[in-house]
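Enquirer: missing the sequence, but the structure's below:
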């Protein structure tokens with residue numbers, strides 16, 4: 001398995017570098033550098049205090065943490081969020097509170113996970129016809145509910 005190098009720049013003294021919590025984890029934990037109160041139904045951009053330089057031909061995907069979602073109804077919007085290889089700004093995470101309770105994001109709290117994925121570039125070609133497939137145009141619900 002090829003190992004890539006992910007360069008991280010701290011832009012805040014409060015920043016915690018992304019890290020894997022367990023051997024074999026797919027996602028690197030991302031941490032808040034601020035305290036934010038999320039009222040029910042409210043969303044906010046949470047700052048991480050880091051910038052990235054992704055390996056060539058990769059993207060970073062920002063995904064929710066299952067524990068926050070299950071226990072508190074907190075998840076990420078625009079999920080998975082995509083960070084393109086050329087982006088060098090601060091990494092922010094859009095959190096939303098789907099619960100009926102106020103939630104406090106604390107400084108140093110794990111707020112999301114980041115997955116680094118290879119990106120395949122394609123050549124776009126316009127055509128008049130597409131090949132047939134078993135599924136063809138069957139869409140939403142085409143596989144049944146069971």
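Expert: Yep, it's here. Because the structure is predicted, anything quoted here is derived from the model rather than measured.
Enquirer: quick one: low-confidence parts of this protein?
Expert: For the chain, applying pLDDT under 70 flags the ranges 1, 138-139, 141-144.
Enquirer: Quick test: name the residue nearest the centre of it.
Expert: By C-alpha atoms, centre = their mean, the chain has its centre lying nearest to residue 62, at 0.8 Å.
Enquirer: what sits against that residue?
Expert: Residue 62 sits next to 30, 76, 79, 80, 81, 82, 83, 91, 93, 112, 113, 114 when contact means C-beta atoms under 8 Å, 6 or more residues apart in numbering. Where C-beta positions appear, they are placed from N, C-alpha and C, glycine not excepted.
Enquirer: tell me which element the residue located most distally from the centre of the chain falls in.
Expert: Centroid-distance maximum for the chain: residue 128 at 36.2 Å, with C-alpha atoms, centre = their mean. Assigned by DSSP states H and E, residue 128 belongs to no helix or strand.
Enquirer: Report the secondary structure element holding the residue nearest to the centre of the chain.
Expert: Element membership for residue 62 (DSSP H and E) is strand 58-63.
Enquirer: how about the following helix or strand past that strand: buried residues?
Expert: Downstream of strand 58-63, the next assigned helix or strand under DSSP H and E is helix 66-72. Neighbour-count burial for helix 66-72 flags 68, 72 (criterion: 16 or more other C-beta atoms under 10 Å).
Enquirer: next one: stretch 110-126
Expert: 111, 112, 113, 114, 116.
Enquirer: Mind listing residues that contact it?
Expert: Outside stretch 110-126, the residues that reach it (C-beta under 8 Å, 6+ apart) are 4, 6, 18, 26-32, 46, 48, 54-55, 57-65, 68, 76, 80, 83, 85, 91, 93, 95, 105.
Enquirer: 6 Å instead, please
Expert: 18, 26-32, 46, 57-63, 65, 76, 93 (C-beta atoms under 6 Å, 6 or more residues apart in numbering).
Enquirer: In this structure residue 85 contacts residue 55, no?
Expert: No. Using C-beta atoms under 6 Å as the test, residue 85 is too far from residue 55 to be in contact (7.8 Å).
Enquirer: For the lengthiest strand in the chain, what is the distance to the chain centroid?
Expert: Criterion DSSP state E: the longest strand present in the chain is strand 43-53. Centroid separation for strand 43-53 versus its chain: 11 Å, with C-alpha atoms, centre = their mean, to the nearest Å.
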